[in-house]
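Engineer: curious how this folds, go ahead:
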Amino acid sequence: MLRYAFQTLRARKGGFIGAFLALLCAAALVTACGILLETGLRGTIGTERYAAAPVVVGGDQNVHQTTVKKKKGKTKVKHKAKPIAERAWLPASTAGKLSGLPGVRSVVPEITFPAYAVASGGRIVDGVDGKDSYGHAWASAALTPFALVDGAAPTADDQVVLDRELARRAGVATGAKLTVQSTGSPRTYRVSGIAAPRGGDLKQQSSLFFSTGEAERLSGREGQVTVLGVLPKRGVSTEALAGQVKKALDGTTAQVATGGDRGPVEFLDASKARVKLVSMGGAIGGTSLLVAILVVVGTFALSIQQRHRELALLRAIAATPKQVRQLIGREALIVGLLAGLVGSVAGLPIAYWLHGKFIDFGAIPDTLNVTFSVFPFFAAIGAALLGAWAAARISARRTARIRPAEALAESAVEQRFAWGRLVVGVVTLAGGIVLLVVLSVLKTEPASTPVTFLSVVVLAVAVSLLGPLIARLAIALLGIPLRASRVAGYLAAANVRANTKRMASAITPLALLIGMACTVLFVQTTMNNASSHQAEDGNKADWVVASAGPGVPARAASELRSAPGVTAVTEVVRTSVRVGLDKYPAQGLSTEGLRQNWDPDVTKGSLAGFGADSLALSEVAADHLGKKPGDTLKVTLGDGTVRTLEVRAVYSRGLGFGDLTMAHQLVVRHVDNPLASSVLVRTAGDGKAGREQLQSAVKAFPGVGVMDRGQVEDLQAEVQQSNAEVNYVAMGLIIAFTAIAVVNTLAMSVSDRFREFALLRLVGTTRRQVMSMLRTESLVVVLTAAVLGSGIAFAVLTAFSIGMTGAVAPAVEPWWYVGVLALAALLALVATIVPGRLSLTGRPADVIGSRQ
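Structural biologist: Numbering: from 1, shown residues only. Okay, the predicted model is just below:
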């Protein structure tokens, strides 16, 4: 049977090219997503600042939860941990516990805080390649190690040493005056020296070094250090040193890192990115696999339909149903194996391309290196084999079961619609409706996103199963206007009516393309529109002060408060917190003038008397946590500090302002960057301050500017669009795969109609009329798929909008929608016209004679 399968593949190469391409794309996507997933799980994060310290001690960057369950006399203990948002600092006294250990040569304390050089003209100088810039104490230079290439170390509080790369970009030299914007007001220092790492300039950050006293002051963390670098005595191995350190710190929350584990201690965002990469890889991989199965089943169904006469002849000459199934199954496994091998290799550059794009968009740092083993490749090959085998068995089920006496008769005309298929289609449609109901009650993005795309795929499966019935309904509606064209329209209507399965196989991938593309695009616009409107409605300030650098200093807010005509100034600092293991976006607001600048639409409680121990919750968070005004809530702040706060109010505008709101004076002490992300300013009275007066009040602060409400909205739209690009790229691969499937399926459908076109030519139909017929058929397919795909997308988006925003109508960009439909129409037209023209190249009599 295997020999016959190879012979069939050689004889009908064209019929299997479509299946091969579909499986190849599926395998490539599975490989790419598997590599991203493995990178998130096992990816290494390189260290830069701590390269010379074999052992690094840092704070515990996780919040922990332990649950104990007893079942059937057995006790099961589960430990879970989730990362916190900010740096967890260590007591400086920890160094004393380590300095006397027998294998320790020295313990080097590290202090890290935001610090940016200000070039001439007040320009804030970013870190290398637009990355972060940090300040440190010169005493920690040995951790890299940095060495002076010019000048001297900073010994006074008004001295600073710059790394060589930053000094070059800032245009300063030893002895020059330099303004530095750090965690407080900008201050001018004298550049006492220029330093460079021994291994070459750092690629992930820029560094400024201060005296120990000044570094402690700027960090705002007296008596605390970021990490401790432990240097060994001569002859002491890293393993031995780490063992001594762990034993000395037993019973504390300090974490000891060596080798590749030092990177996550230095780059906290890289550790968080690993979790993000796992979730993205899983979501893209899962969705693409579902799409692949649907597409491959449709492709195989069309391929077997085109071979129906051949398979019917096999049944007529006594081939058993089992033998037919074995033949088709082995053909599918051969195609699946070849496609899996090629696709798994093709998935590697796609994974690197995705990794690079995610880095460009800031979703993951470039310190997280691509890591993979053979498992993603084996998984891709296995998925291709399983998908091909399952698709072939499903598609060939009826062909293998028909009786020999019926085989040739049924091969001449299209098979009747199977009632079993109708029942399964209705059940699948009902399952899709259930998913829509579930989606309409989900209130958080992590919960709703996978259900959103699963709903699209399930509804597309229902369309695939009910396709022949849908095609009959479509031609019944469109048949009347088609008759207006005496030849092309009549022929197109007759063809579609006689070959509804062929039309259904073309409609399904096209409807999936439209539904998936619209969902990917308009889920993001729906969320952005809702959050923008909530933020706009809740912002009562006349002006917003922001910074092109790390943030707006507290002294700038004080200057604004004393400006004539200013009635209220509210500082905003953003972070995220955890309640238990659940993560919530949060903000800290100045309590003075809070209600004048900010209206979150309080539905329960009041913001009156909101203070340092107060908390306001969004309705979604309050409902999830089961809290109401007057209750208390234990919150783990960004740096791991636990505080119990009183719930004073519940508000509805959670998308615009985050789920938790606390006092600025509380949050600012527990974040890495205490500068305000923005400052809200309200003015009133005859002496109402304008932009020029406010800008004059903050002119001493580099990078700080005054924006009106329109500029703020434009800036928010740019940020939202930047964040959305990650989702567009990720899901765009699936859309591209679906687009390939559309072209593939339509081209297969048309290219197998040589004999039909030749017969039409012999009975007097012109080449132009045949092409007109094909264009009309394509129009019917596009119109039907547009209605179905748009209906799927609208249903899913409406359910998503109800759940996430409370509004029934999703935000749809008309021109984007028109663009999706135009793309679908263009693909359908190209995939129909090109093979159609090729099919009409030969003489009709020769074509019929060659296919007897």
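Engineer: need the next SSE after whichever helix or strand residue 493 is part of, C-terminal direction.
Structural biologist: Using DSSP states H and E, residue 493 sits in helix 488-498. Per DSSP H and E, the first helix or strand lying C-terminal to helix 488-498 is helix 500-538.
Engineer: ok so residue 179 is a strand residue?
Structural biologist: Yes - in this structure, residue 179 lies within a strand as judged by DSSP: H, G, I helix; E, B strand; the rest coil.
Engineer: state the distance from the residue nearest to it when sequence neighbours are not counted to residue 168.
Structural biologist: Once flanking residues are discounted, residue 179 sits nearest to residue 118: 4.0 Å by CB to CB, 6 or more residues apart in numbering. Glycine gets a C-beta too; all of them are placed from N, C-alpha and C. To residue 168, residue 118 is 16 Å away according to CB to CB, to the nearest Å.
Engineer: and residue 697, by the same measure?
Structural biologist: In this view, residue 697 and residue 168 are 34 Å apart by CB to CB.
Engineer: quick check: buried residues in the strand ranked longest in the chain?
Structural biologist: Longest strand in the chain, counting residues (DSSP state E): strand 566-579. Of all the residues in strand 566-579, those buried under the rule 16 or more other CB atoms under 10 Å are 566-579.
Engineer: got the contact list for the following helix or strand past it?
Structural biologist: Of the helices and strands lying after strand 566-579 in sequence (DSSP H and E), the nearest is strand 582-589. The contact list for strand 582-589, computed with CB atoms under 8 Å, 6 or more residues apart in numbering, reads 82, 85, 570-578, 598, 621, 624, 657-668.
Engineer: just the angle for strand 582-589 relative to strand 566-579, thanks.
Structural biologist: For strand 582-589 against strand 566-579, the angle by axes from the mean of the first three to the mean of the last three CA atoms, to 10 degrees is 160 degrees.
Engineer: relative to the whole chain's centre, how far out is strand 582-589?
Structural biologist: Offset of strand 582-589 from its chain centre (CA atoms, centre = their mean, to the nearest Å): 21 Å.
Engineer: in it, what's buried?
Structural biologist: Neighbour-count burial for strand 582-589, counted by 16+ other CB under 10 Å, picks out 583-589.
Engineer: pLDDT and distance to residue 112 added to the residues you listed, as a markdown table?
Structural biologist: Listed next are those as a markdown table, based on pLDDT from 0 to 100; distance: CB to CB, whole Å:
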| residue | pLDDT | distance to residue 112 |
| --- | --- | --- |
| 583 | 89 | 23 |
| 584 | 91 | 26 |
| 585 | 91 | 24 |
| 586 | 93 | 23 |
| 587 | 92 | 24 |
| 588 | 93 | 21 |
| 589 | 93 | 27 |
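Engineer: check which helices and strands whichever helix or strand residue 473 is part of sits against.
Structural biologist: Element membership for residue 473, per DSSP H and E: helix 467-482. Packing contacts for helix 467-482, counted by 3 or more CB pairs under 8 Å, 6 or more residues apart in numbering; DSSP states H and E, involve helix 419-439, helix 488-498, helix 500-538, helix 767-805.
Engineer: so what pLDDT did the nearest residue to residue 622 once chain neighbours are set aside get?
Structural biologist: Counting by CB to CB, 6+ apart, the nearest residue to residue 622 once its immediate chain neighbours are dropped is residue 650, at 4.6 Å. Residue 650 is assigned 94 on the pLDDT scale.
Engineer: three-state assignment of residue 650?
Structural biologist: strand.
Engineer: distance of it from residue 782?
Structural biologist: 49 Å.
Engineer: after the helix or strand bottoming out on mean pLDDT in the chain, which helix or strand is next? Please name it.
Structural biologist: Across the helices and strands of the chain, mean confidence by mean pLDDT, DSSP states H and E is lowest for helix 2-11: a mean of 51. Note on helix 2-11: by DSSP H and E, the next helix or strand toward the C-terminus is helix 13-42.
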